[in-house]
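**Student:** all I have is the shape, not the residue letters:
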(Lines give C-alpha, C1' and ligand atoms only; values in the text may rest on other atoms or scores of the structure.)
Protein backbone atom coordinates (compact mmCIF):
# COMPACT_ATOMS: atom_id res chain seq x y z
CA UNK A 1 0.00 0.00 0.00
CA UNK A 2 2.98 2.33 0.57
CA UNK A 3 3.37 5.01 -2.01
CA UNK A 4 7.18 5.09 -1.55
CA UNK A 5 8.63 1.77 -0.40
CA UNK A 6 11.56 1.48 1.95
CA UNK A 7 13.94 0.40 -0.80
CA UNK A 8 13.32 3.60 -2.76
CA UNK A 9 13.57 5.76 0.35
CA UNK A 10 16.92 4.27 1.34
CA UNK A 11 18.13 4.64 -2.27
CA UNK A 12 17.26 8.33 -2.34
CA UNK A 13 18.73 8.87 1.14
CA UNK A 14 21.87 7.08 0.00
CA UNK A 15 22.23 9.41 -2.93
CA UNK A 16 21.75 12.42 -0.68
CA UNK A 17 24.33 11.16 1.82
CA UNK A 18 26.76 10.37 -0.99
CA UNK A 19 26.37 13.82 -2.44
CA UNK A 20 27.03 15.47 0.91
CA UNK A 21 29.95 13.13 1.54
CA UNK A 22 31.49 14.06 -1.79
CA UNK A 23 30.94 17.70 -1.06
CA UNK A 24 32.69 17.42 2.29
CA UNK A 25 35.73 15.68 0.86
CA UNK A 26 36.03 17.89 -2.18
CA UNK A 27 35.68 21.12 -0.30
CA UNK A 28 36.82 20.17 3.20
CA UNK A 29 33.58 21.32 4.90
CA UNK A 30 33.94 24.81 3.51
CA UNK A 31 30.93 27.01 2.75
CA UNK A 32 30.21 27.33 -1.00
CA UNK A 33 30.36 31.11 -0.70
CA UNK A 34 34.03 30.87 0.30
CA UNK A 35 34.88 29.11 -2.96
CA UNK A 36 35.45 30.58 -6.39
CA UNK A 37 35.11 29.56 -10.01
CA UNK A 38 34.31 25.95 -10.93
CA UNK A 39 34.70 24.81 -7.34
CA UNK A 40 31.92 27.13 -6.19
CA UNK A 41 29.65 26.12 -9.08
CA UNK A 42 30.11 22.44 -8.31
CA UNK A 43 29.47 23.05 -4.60
CA UNK A 44 26.26 24.99 -5.34
CA UNK A 45 25.13 22.27 -7.75
CA UNK A 46 25.54 19.58 -5.09
CA UNK A 47 23.57 21.61 -2.56
CA UNK A 48 20.72 22.16 -5.03
CA UNK A 49 20.55 18.44 -5.86
CA UNK A 50 20.51 17.57 -2.17
CA UNK A 51 17.61 19.97 -1.62
CA UNK A 52 15.69 18.52 -4.59
CA UNK A 53 16.05 15.00 -3.22
CA UNK A 54 14.97 16.12 0.25
CA UNK A 55 11.92 17.87 -1.23
CA UNK A 56 11.08 14.68 -3.11
CA UNK A 57 11.23 12.66 0.10
CA UNK A 58 9.00 15.20 1.89
CA UNK A 59 6.48 15.14 -0.97
CA UNK A 60 6.28 11.35 -1.01
CA UNK A 61 5.83 11.26 2.76
CA UNK A 62 2.97 13.76 2.50
CA UNK A 63 1.35 11.67 -0.22
CA UNK A 64 1.61 8.59 1.95
CA UNK A 65 0.14 10.44 4.94
CA UNK A 66 -2.81 11.62 2.78
CA UNK A 67 -3.59 8.09 1.61
CA UNK A 68 -3.21 6.68 5.12
CA UNK A 69 -5.55 9.36 6.46
CA UNK A 70 -8.21 8.54 3.83
CA UNK A 71 -7.97 4.81 4.54
CA UNK A 72 -8.12 5.44 8.27
CA UNK A 73 -11.21 7.59 7.83
CA UNK A 74 -12.94 4.86 5.80
CA UNK A 75 -11.91 2.31 8.45
CA UNK A 76 -13.48 4.43 11.19
CA UNK A 77 -16.70 4.72 9.18
CA UNK A 78 -16.72 0.96 8.66
CA UNK A 79 -16.27 0.34 12.40
CA UNK A 80 -19.10 2.75 13.24
CA UNK A 81 -21.42 1.20 10.66
CA UNK A 82 -20.65 -2.33 11.90
CA UNK A 83 -21.47 -1.24 15.45
CA UNK A 84 -24.73 0.40 14.34
CA UNK A 85 -25.54 -2.67 12.27
CA UNK A 86 -25.11 -4.93 15.30
CA UNK A 87 -27.29 -2.63 17.44
CA UNK A 88 -30.07 -2.72 14.84
CA UNK A 89 -29.84 -6.51 14.62
CA UNK A 90 -30.17 -6.77 18.42
CA UNK A 91 -33.17 -4.43 18.35
CA UNK A 92 -34.76 -6.55 15.63
CA UNK A 93 -34.33 -9.73 17.70
CA UNK A 94 -35.82 -8.01 20.74
CA UNK A 95 -38.73 -6.64 18.69
CA UNK A 96 -39.44 -10.05 17.17
CA UNK A 97 -39.65 -11.51 20.67
CA UNK A 98 -41.98 -8.71 21.80
CA UNK A 99 -44.16 -9.20 18.72
CA UNK A 100 -44.40 -12.96 19.33
CA UNK A 101 -45.25 -12.35 23.00
CA UNK A 102 -47.93 -9.83 22.05
CA UNK A 103 -49.43 -12.22 19.51
CA UNK A 104 -49.60 -14.97 22.15
CA UNK A 105 -51.11 -12.54 24.65
CA UNK A 106 -53.70 -11.42 22.08
CA UNK A 107 -54.64 -15.03 21.35
CA UNK A 108 -54.96 -15.73 25.09
CA UNK A 109 -57.07 -12.64 25.55
CA UNK A 110 -59.32 -13.65 22.65
CA UNK A 111 -59.72 -17.09 24.18
CA UNK A 112 -60.59 -15.49 27.52
CA UNK A 113 -63.22 -13.29 25.85
CA UNK A 114 -64.74 -16.29 24.04
CA UNK A 115 -64.93 -18.19 27.35
CA UNK A 116 -66.55 -15.28 29.12
CA UNK A 117 -69.06 -14.96 26.28
CA UNK A 118 -70.01 -18.62 26.77
CA UNK A 119 -70.43 -18.07 30.52
CA UNK A 120 -72.50 -15.00 29.81
CA UNK A 121 -74.75 -17.00 27.49
CA UNK A 122 -75.43 -19.60 30.17
CA UNK A 123 -76.06 -16.92 32.78
CA UNK A 124 -78.43 -15.02 30.54
CA UNK A 125 -80.40 -18.15 29.74
CA UNK A 126 -80.55 -19.10 33.41
CA UNK A 127 -81.58 -15.61 34.37
CA UNK A 128 -84.31 -15.62 31.77
CA UNK A 129 -85.61 -19.05 32.79
CA UNK A 130 -85.78 -18.17 36.48
CA UNK A 131 -87.31 -14.80 35.79
CA UNK A 132 -90.06 -16.35 33.67
CA UNK A 133 -90.70 -19.07 36.25
CA UNK A 134 -91.03 -16.44 38.99
CA UNK A 135 -93.64 -14.53 37.04
CA UNK A 136 -95.54 -17.76 36.33
CA UNK A 137 -95.58 -18.66 40.05
CA UNK A 138 -97.09 -15.34 40.93
CA UNK A 139 -99.78 -15.80 38.33
CA UNK A 140 -100.75 -19.38 39.27
CA UNK A 141 -100.26 -18.81 43.01
CA UNK A 142 -99.43 -22.46 43.54
CA UNK A 143 -96.31 -21.65 45.61
CA UNK A 144 -95.96 -19.55 48.74
CA UNK A 145 -94.36 -16.16 48.78
CA UNK A 146 -91.19 -17.40 50.50
CA UNK A 147 -90.38 -19.57 47.45
CA UNK A 148 -91.07 -16.67 45.19
CA UNK A 149 -88.84 -14.37 47.23
CA UNK A 150 -86.14 -17.02 47.26
CA UNK A 151 -86.34 -17.34 43.50
CA UNK A 152 -86.32 -13.56 43.14
CA UNK A 153 -83.14 -13.39 45.23
CA UNK A 154 -81.54 -16.00 42.96
CA UNK A 155 -82.35 -14.02 39.84
CA UNK A 156 -80.94 -10.92 41.49
CA UNK A 157 -77.71 -12.78 42.16
CA UNK A 158 -77.72 -14.01 38.56
CA UNK A 159 -78.16 -10.44 37.35
CA UNK A 160 -75.19 -9.34 39.44
CA UNK A 161 -73.11 -12.18 38.03
CA UNK A 162 -74.12 -11.17 34.48
CA UNK A 163 -72.96 -7.61 35.16
CA UNK A 164 -69.65 -8.90 36.49
CA UNK A 165 -69.09 -11.06 33.43
CA UNK A 166 -69.99 -8.14 31.16
CA UNK A 167 -67.43 -5.95 32.96
CA UNK A 168 -64.83 -8.69 32.61
CA UNK A 169 -65.53 -9.01 28.89
CA UNK A 170 -65.38 -5.24 28.39
CA UNK A 171 -62.06 -4.99 30.25
CA UNK A 172 -60.65 -7.92 28.26
CA UNK A 173 -61.81 -6.26 25.06
CA UNK A 174 -60.15 -2.96 26.03
CA UNK A 175 -56.93 -4.82 26.86
CA UNK A 176 -57.16 -6.65 23.54
CA UNK A 177 -57.53 -3.40 21.58
CA UNK A 178 -54.60 -1.84 23.44
CA UNK A 179 -52.43 -4.88 22.77
CA UNK A 180 -53.39 -4.89 19.10
CA UNK A 181 -52.45 -1.21 18.82
CA UNK A 182 -49.16 -1.94 20.58
CA UNK A 183 -48.60 -4.85 18.20
CA UNK A 184 -49.20 -2.63 15.16
CA UNK A 185 -46.68 -0.11 16.50
CA UNK A 186 -44.13 -2.84 17.12
CA UNK A 187 -44.62 -4.19 13.60
CA UNK A 188 -44.17 -0.70 12.13
CA UNK A 189 -41.05 -0.18 14.25
CA UNK A 190 -39.81 -3.59 13.14
CA UNK A 191 -40.28 -2.65 9.47
CA UNK A 192 -38.45 0.64 10.00
CA UNK A 193 -35.55 -1.17 11.64
CA UNK A 194 -35.40 -3.60 8.73
CA UNK A 195 -35.16 -0.63 6.36
CA UNK A 196 -32.36 0.80 8.52
CA UNK A 197 -30.64 -2.58 8.50
CA UNK A 198 -30.75 -2.68 4.71
CA UNK A 199 -29.48 0.89 4.55
CA UNK A 200 -26.58 0.22 6.95
CA UNK A 201 -25.66 -2.98 5.12
CA UNK A 202 -25.61 -1.07 1.82
CA UNK A 203 -23.47 1.70 3.32
CA UNK A 204 -21.07 -0.81 4.87
CA UNK A 205 -20.69 -2.61 1.56
CA UNK A 206 -20.16 0.71 -0.17
CA UNK A 207 -17.42 1.71 2.28
CA UNK A 208 -15.67 -1.57 1.65
CA UNK A 209 -15.85 -0.98 -2.08
CA UNK A 210 -14.56 2.57 -1.64
CA UNK A 211 -11.62 1.33 0.40
CA UNK A 212 -10.80 -1.40 -2.08
CA UNK A 213 -11.16 1.06 -4.95
CA UNK A 214 -8.80 3.50 -3.25
CA UNK A 215 -6.24 0.78 -2.56
CA UNK A 216 -6.45 -0.58 -6.10
CA UNK A 217 -6.02 2.83 -7.66
CA UNK A 218 -3.14 3.96 -5.46
CA UNK A 219 -1.13 0.85 -4.69
CA UNK A 220 2.01 1.03 -6.77
CA UNK A 221 0.50 3.80 -8.95
CA UNK A 222 1.78 7.06 -7.51
CA UNK A 223 1.36 9.04 -10.73
CA UNK A 224 -2.22 7.86 -11.14
CA UNK A 225 -2.99 8.71 -7.52
CA UNK A 226 -1.57 12.19 -7.93
CA UNK A 227 -3.59 12.62 -11.12
CA UNK A 228 -6.71 11.58 -9.21
CA UNK A 229 -6.04 14.09 -6.43
CA UNK A 230 -5.37 16.81 -8.99
CA UNK A 231 -8.64 15.98 -10.78
CA UNK A 232 -10.62 16.14 -7.53
CA UNK A 233 -8.98 19.43 -6.61
CA UNK A 234 -9.74 20.86 -10.05
CA UNK A 235 -13.37 19.81 -9.67
CA UNK A 236 -13.52 21.34 -6.21
CA UNK A 237 -12.51 24.68 -7.67
CA UNK A 238 -15.61 24.56 -9.88
CA UNK A 239 -17.81 24.52 -6.77
CA UNK A 240 -18.62 27.09 -4.14
CA UNK A 241 -17.95 26.05 -0.53
CA UNK A 242 -21.18 27.11 1.17
CA UNK A 243 -19.80 26.47 4.67
CA UNK A 244 -17.12 29.11 4.06
CA UNK A 245 -19.62 31.97 3.60
CA UNK A 246 -19.94 34.00 6.80
CA UNK A 247 -23.21 35.58 5.64
CA UNK A 248 -24.88 32.28 4.67
CA UNK A 249 -27.77 32.60 7.15
CA UNK A 250 -28.54 36.16 5.98
CA UNK A 251 -28.61 35.13 2.32
CA UNK A 252 -30.87 32.14 3.06
CA UNK A 253 -33.21 34.38 5.05
CA UNK A 254 -33.52 36.68 2.02
CA UNK A 255 -34.87 33.98 -0.32
CA UNK A 256 -38.48 34.83 0.52
CA UNK A 257 -37.99 38.40 -0.66
CA UNK A 258 -37.41 37.31 -4.27
CA UNK A 259 -40.24 37.05 -6.78
CA UNK A 260 -41.48 33.50 -7.16
CA UNK A 261 -42.58 31.89 -10.47
CA UNK A 262 -46.25 31.22 -11.11
CA UNK A 263 -47.32 27.80 -9.76
CA UNK A 264 -48.00 26.53 -13.28
CA UNK A 265 -44.22 26.52 -13.76
CA UNK A 266 -43.52 24.67 -10.51
CA UNK A 267 -42.05 21.22 -10.34
CA UNK A 268 -43.70 18.96 -7.78
CA UNK A 269 -41.97 15.89 -6.47
CA UNK A 270 -38.54 15.86 -8.14
CA UNK A 271 -36.52 18.05 -5.75
CA UNK A 272 -33.58 16.91 -3.62
CA UNK A 273 -31.51 19.06 -1.27
CA UNK A 274 -27.77 18.53 -0.87
CA UNK A 275 -28.13 19.47 2.83
CA UNK A 276 -30.71 16.72 3.54
CA UNK A 277 -29.80 14.93 6.79
CA UNK A 278 -29.97 11.58 4.98
CA UNK A 279 -26.79 12.39 3.04
CA UNK A 280 -25.69 15.95 3.86
CA UNK A 281 -22.86 14.81 6.15
CA UNK A 282 -21.64 12.02 3.87
CA UNK A 283 -18.24 12.37 2.19
CA UNK A 284 -18.14 12.39 -1.60
CA UNK A 285 -16.29 9.40 -3.04
CA UNK A 286 -12.83 9.05 -1.54
CA UNK A 287 -12.54 12.77 -0.81
CA UNK A 288 -12.82 14.71 2.42
CA UNK A 289 -15.56 16.96 1.01
CA UNK A 290 -19.12 16.78 2.38
CA UNK A 291 -22.33 16.65 0.37
CA UNK A 292 -23.84 19.64 2.17
CA UNK A 293 -20.93 21.84 1.02
CA UNK A 294 -19.99 20.41 -2.38
CA UNK A 295 -22.85 18.09 -3.35
CA UNK A 296 -24.75 20.23 -5.85
CA UNK A 297 -23.55 18.26 -8.90
CA UNK A 298 -24.44 14.83 -7.50
CA UNK A 299 -27.76 16.15 -6.19
CA UNK A 300 -28.54 17.63 -9.61
CA UNK A 301 -27.79 14.27 -11.27
CA UNK A 302 -30.22 12.59 -8.85
CA UNK A 303 -32.93 15.14 -9.70
CA UNK A 304 -32.47 14.59 -13.45
CA UNK A 305 -32.74 10.84 -12.92
CA UNK A 306 -35.90 11.41 -10.88
CA UNK A 307 -37.39 13.54 -13.68
CA UNK A 308 -36.68 10.63 -16.03
CA UNK A 309 -38.50 8.18 -13.75
CA UNK A 310 -35.37 6.44 -12.46
CA UNK A 311 -35.23 5.50 -8.80
CA UNK A 312 -32.07 7.33 -7.67
CA UNK A 313 -31.39 9.63 -4.73
CA UNK A 314 -28.15 11.50 -3.94
CA UNK A 315 -27.39 8.77 -1.42
CA UNK A 316 -27.93 6.09 -4.08
CA UNK A 317 -25.27 7.72 -6.22
CA UNK A 318 -22.90 8.07 -3.26
CA UNK A 319 -23.23 4.45 -2.13
CA UNK A 320 -23.85 2.48 -5.34
CA UNK A 321 -20.92 0.55 -6.82
CA UNK A 322 -22.31 1.44 -10.26
CA UNK A 323 -21.12 4.98 -9.64
CA UNK A 324 -18.16 4.43 -7.31
CA UNK A 325 -16.39 2.22 -9.82
CA UNK A 326 -16.16 5.26 -12.07
CA UNK A 327 -13.62 6.66 -9.59
CA UNK A 328 -13.77 9.06 -6.68
CA UNK A 329 -14.91 12.51 -7.76
CA UNK A 330 -16.87 15.51 -6.58
CA UNK A 331 -18.64 15.93 -9.92
CA UNK A 332 -20.09 12.85 -11.56
CA UNK A 333 -21.66 12.91 -15.01
CA UNK A 334 -23.16 9.62 -16.23
CA UNK A 335 -22.01 8.02 -19.48
CA UNK A 336 -23.47 9.76 -22.51
CA UNK A 337 -24.10 13.10 -20.78
CA UNK A 338 -22.19 16.00 -22.29
CA UNK A 339 -21.23 19.60 -21.67
CA UNK A 340 -22.49 22.34 -23.96
CA UNK A 341 -22.36 26.13 -24.11
CA UNK A 342 -25.20 28.02 -22.48
CA UNK A 343 -27.68 28.45 -25.31
CA UNK A 344 -31.38 29.26 -24.90
CA UNK A 345 -32.40 27.44 -28.08
CA UNK A 346 -30.67 24.27 -26.86
CA UNK A 347 -32.30 24.52 -23.44
CA UNK A 348 -35.76 25.31 -24.84
CA UNK A 349 -35.60 22.33 -27.23
CA UNK A 350 -34.73 20.07 -24.31
CA UNK A 351 -37.63 21.43 -22.26
CA UNK A 352 -40.07 21.00 -25.18
CA UNK A 353 -39.00 17.35 -25.41
CA UNK A 354 -39.82 16.79 -21.74
CA UNK A 355 -36.18 16.89 -20.62
CA UNK A 356 -34.46 19.00 -17.98
CA UNK A 357 -31.04 20.64 -18.10
CA UNK A 358 -28.28 21.12 -15.53
CA UNK A 359 -26.75 24.60 -15.55
CA UNK A 360 -23.45 25.66 -13.98
CA UNK A 361 -23.52 29.10 -12.39
CA UNK A 362 -20.00 30.47 -11.98
CA UNK A 363 -19.03 33.09 -9.43
CA UNK A 364 -16.13 35.04 -10.86
CA UNK A 365 -13.70 32.70 -12.64
CA UNK A 366 -13.66 29.76 -10.20
CA UNK A 367 -16.37 29.05 -7.63
CA UNK A 368 -19.66 27.77 -9.02
CA UNK A 369 -22.91 25.96 -8.35
CA UNK A 370 -25.12 23.52 -10.30
CA UNK A 371 -28.93 23.86 -10.61
CA UNK A 372 -31.58 21.99 -12.62
CA UNK A 373 -33.63 23.97 -15.18
CA UNK A 374 -37.13 22.48 -15.57
CA UNK A 375 -39.36 25.27 -17.02
CA UNK A 376 -39.20 28.53 -18.92
CA UNK A 377 -41.39 31.46 -17.80
CA UNK A 378 -41.86 33.51 -20.97
CA UNK A 379 -43.61 36.36 -19.15
CA UNK A 380 -40.61 36.83 -16.88
CA UNK A 381 -38.10 35.81 -19.58
CA UNK A 382 -36.44 33.59 -17.00
CA UNK A 383 -35.87 29.90 -16.41
CA UNK A 384 -37.31 28.12 -13.37
CA UNK A 385 -34.88 25.89 -11.49
CA UNK A 386 -34.58 23.44 -8.64
CA UNK A 387 -31.59 24.69 -6.69
CA UNK A 388 -29.94 21.87 -4.63
CA UNK A 389 -28.95 24.37 -1.94
CA UNK A 390 -31.47 27.22 -1.94
CA UNK A 391 -34.62 25.23 -2.74
CA UNK A 392 -37.13 24.30 -5.48
CA UNK A 393 -38.97 26.46 -8.02
CA UNK A 394 -36.77 29.54 -8.03
CA UNK A 395 -35.93 31.72 -10.98
CA UNK A 396 -32.47 31.07 -12.40
CA UNK A 397 -31.80 34.76 -11.82
CA UNK A 398 -32.65 34.31 -8.14
CA UNK A 399 -30.15 31.46 -7.73
CA UNK A 400 -27.51 33.54 -9.49
CA UNK A 401 -28.19 36.54 -7.28
CA UNK A 402 -28.12 34.48 -4.07
CA UNK A 403 -24.79 32.89 -5.03
CA UNK A 404 -23.48 36.29 -6.02
CA UNK A 405 -24.13 37.70 -2.54
CA UNK A 406 -22.60 34.75 -0.64
CA UNK A 407 -19.23 35.65 0.87
CA UNK A 408 -17.57 38.22 -1.37
CA UNK A 409 -20.08 39.92 -3.67
CA UNK A 410 -18.87 38.82 -7.11
CA UNK A 411 -20.81 38.82 -10.40
CA UNK A 412 -22.21 35.47 -11.53
CA UNK A 413 -22.99 33.99 -14.94
CA UNK A 414 -24.02 30.67 -16.48
CA UNK A 415 -20.94 29.43 -18.35
CA UNK A 416 -22.13 25.99 -19.50
CA UNK A 417 -24.93 23.39 -19.29
CA UNK A 418 -25.03 19.60 -18.96
CA UNK A 419 -27.31 17.63 -21.29
CA UNK A 420 -28.47 14.11 -20.40
CA UNK A 421 -28.66 11.45 -23.08
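**Tutor:** Ah, there it is. The model shown is predicted, which means the values in this text are computed figures rather than measured ones. Residues are numbered from 1 along each chain as shown.
**Student:** secondary structure class for residue 285?
**Tutor:** coil (DSSP: H, G, I helix; E, B strand; the rest coil).
**Student:** give me the pLDDT for it.
**Tutor:** pLDDT for residue 285: 74.
**Student:** so it sits right up against residue 210, yeah?
**Tutor:** Yes - assessed by Cβ atoms under 8 Å, residue 285 is found in contact with residue 210 at 7.2 Å. For glycine as for every other residue, the C-beta is placed from the backbone atoms N, C-alpha and C.
**Student:** out of those two, which sits in the busier spot?
**Tutor:** residue 210 (23 against 20; other Cβ atoms under 10 Å).
**Student:** which SSE is that one in?
**Tutor:** In the assignment (DSSP states H and E), residue 210 maps to helix 145-218.
**Student:** kindly report the same for residue 88.
**Tutor:** Secondary structure (DSSP H and E) places residue 88 in helix 37-140.
**Student:** for residue 376, same thing?
**Tutor:** Applying DSSP H and E, one finds residue 376 within strand 368-377.
**Student:** quick one: strands adjacent to that strand?
**Tutor:** When pairs are called by DSSP bridges, strand 368-377 turns out to pair with strand 357-363 (antiparallel), strand 382-387 (antiparallel).
**Student:** neighbouring contacts of whatever helix or strand comes next after the shortest one?
**Tutor:** Sequence order places strand 391-395 as the next helix or strand after strand 382-387, per DSSP H and E. Strand 391-395 is contacted from outside by 255, 258-261, 265-267, 271, 273, 377, 380, 382-387, using Cβ atoms under 8 Å, 6 or more residues apart in numbering.
**Student:** and what of stretch 89-101?
**Tutor:** Outside of stretch 89-101, the residues within contact range by Cβ under 8 Å, 6+ apart are 183, 186, 187, 189, 190, 193, 194, 197.
**Student:** pLDDT weak spots in the stretch 201-350 of the chain?
**Tutor:** Confidence mapping of the stretch 201-350 of the chain against pLDDT under 70 gives the ranges 213-234, 286, 321-330.
**Student:** on that earlier part again, buried members of the contacts of strand 391-395 into PyMOL, please.
**Tutor:** Restricted to buried positions by 16 or more other Cβ atoms under 10 Å, the PyMOL selection for the contacts of strand 391-395 reads:
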select buried, resi 261+265+267+271+273+382+383+384+385+386+387
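**Student:** ok so, going back, separate out the buried members of the contacts of stretch 89-101.
**Tutor:** Buried among those (16+ other Cβ under 10 Å): 183, 186, 190, 193, 197.
**Student:** in stretch 98-107, what counts as buried?
**Tutor:** Neighbour counts over stretch 98-107 (16+ other Cβ under 10 Å) mark 99, 102, 106 as buried.
**Student:** for the record, mean pLDDT for that stretch?
**Tutor:** 76.
**Student:** how far away is residue 344 from residue 420?
**Tutor:** Separation of residue 344 from residue 420 (Cβ to Cβ, to the nearest Å): 18 Å.
**Student:** ok, the residue lying closest to residue 197 once chain neighbours are set aside to residue 94 distance?
**Tutor:** Residue nearest to residue 197 in three dimensions, not counting chain neighbours: residue 88, with 4.9 Å by Cβ to Cβ, 6 or more residues apart in numbering. Taking Cβ to Cβ as the measure, residue 88 falls 11 Å from residue 94.
**Student:** these two - which one has more neighbours?
**Tutor:** residue 88 (20 against 12).
**Student:** so that one sits against residue 195, correct?
**Tutor:** No - in this structure residue 88 lies outside contact range of residue 195 using Cβ under 8 Å: 9.9 Å.
**Student:** any low-confidence regions in the stretch 1-150 of the chain?
**Tutor:** Using pLDDT under 70, the flagged stretches of the stretch 1-150 of the chain are 1-68, 123-124, 126-150.
**Student:** quick one, domains of this protein?
**Tutor:** According to automatic domain parsing, the chain comprises the domains 1-220, 238-419.
**Student:** for residue 400, which non-adjacent residue is closest in space?
**Tutor:** residue 412 (4.4 Å).
**Student:** tally of neighbours for that neighbour?
**Tutor:** 22.
**Student:** relative to residue 331, how far out is residue 355?
**Tutor:** For residue 355, the distance to residue 331 equals 20 Å [Cβ to Cβ].
**Student:** look at these two and report which has more neighbours.
**Tutor:** Per other Cβ under 10 Å, whichever of residue 355 and residue 331 has more neighbours is residue 331, with 21 against 17.
**Student:** helix, strand, or coil at the more buried one?
**Tutor:** Under three-state DSSP, residue 331 falls in the coil class.
**Student:** wait, it touches residue 284, no?
**Tutor:** No - between residue 331 and residue 284 there is no contact under Cβ under 8 Å: 9.1 Å.
**Student:** now for these two: what residues contact both?
**Tutor:** Joint contacts of residue 331 and residue 284 (Cβ under 8 Å, 6+ apart) are residue 298.
**Student:** CSV please, covering the buried ones among the contacts of stretch 89-101 and showing pLDDT and distance to residue 205.
**Tutor:** Below are the buried ones among the contacts of stretch 89-101 laid out as CSV (pLDDT from 0 to 100; distance: Cβ to Cβ, whole Å):
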residue, pLDDT, distance to residue 205
183, 71, 33
186, 73, 28
190, 72, 23
193, 72, 18
197, 71, 13
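**Student:** I am finished for the moment; much appreciated.
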